[in-house]
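> Here is a sequence together with a model predicted from it:
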Amino acid sequence: MDRRHSPPPDPVFYTSLGTAMRCPFCRVDNDRVIDSRAGDDGASIRRRRECLGCRRRFTTYERAERQFLSVLKKDGEREPFDRVR
Ligand SMILES: [Zn+2]
């Protein structure tokens with residue numbers, strides 16, 4: 001555990017990449033992106049947002065659709081990303 005700093009956790013929401021995000025609190029479709037970076041798994045984008053309607057902050061993880069996660073192997077066969085080996 002990291003005790004040096006513990007910012008208040010933002011509520012986290014998961015959406016598809018490219019989906020317009022409405023504020024989960026007041027439903028206003030008007031927010032400002034504070035911070036944007038790749039998610040831990042590299043397949044999602046994490047954005048911290050601040051709603052311009054109610055000023056609350058929240059975090060979204062935007063995921064690409066699953067077909068973009070498949071791996072193209074050298075022999076041309078497409079292999080699902082989460083295939084069990
Ligand atoms: Zn709001």
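Yep, it's here.
> Torsion angles phi and psi at residue 45?
Main-chain dihedrals, residue 45, degrees, to the nearest 10: phi -120, psi 130.
> ok, it - contacts?
Contacts for residue 45 (C-beta atoms under 8 Å, 6 or more residues apart in numbering) come out as 17, 36-39, 61-62. (Glycine included, C-beta is placed from N, CA and C.)
> which two from those residues end up farthest apart in space?
Across the contacts of residue 45, no pair lies farther apart than 17 and 37, at 14.2 Å, counting by C-beta to C-beta.
> out of those two, which sits in the busier spot?
residue 17 (13 against 9; other C-beta atoms under 10 Å).
> isn't residue 62 right next to residue 20, touching?
No: assessed by C-beta atoms under 8 Å, residue 62 is found out of contact with residue 20, at 10.9 Å.
> Neighbour count: these two, which is higher?
residue 62 (18 against 7).
> Other residues contacting the helix or strand hosting residue 37?
Per DSSP states H and E, residue 37 falls inside strand 31-38. Outside strand 31-38, the residues that touch it by C-beta under 8 Å, 6+ apart are 21, 23, 44-52, 57.
> cool, stretch 9-29 as well?
The contact list for stretch 9-29 (C-beta under 8 Å, 6+ apart) reads 30-31, 44-45, 48-49, 51-54, 56-65.
> Filter those residues down to the buried ones.
31, 44-45, 48-49, 51, 57-63 (16 or more other C-beta atoms under 10 Å).
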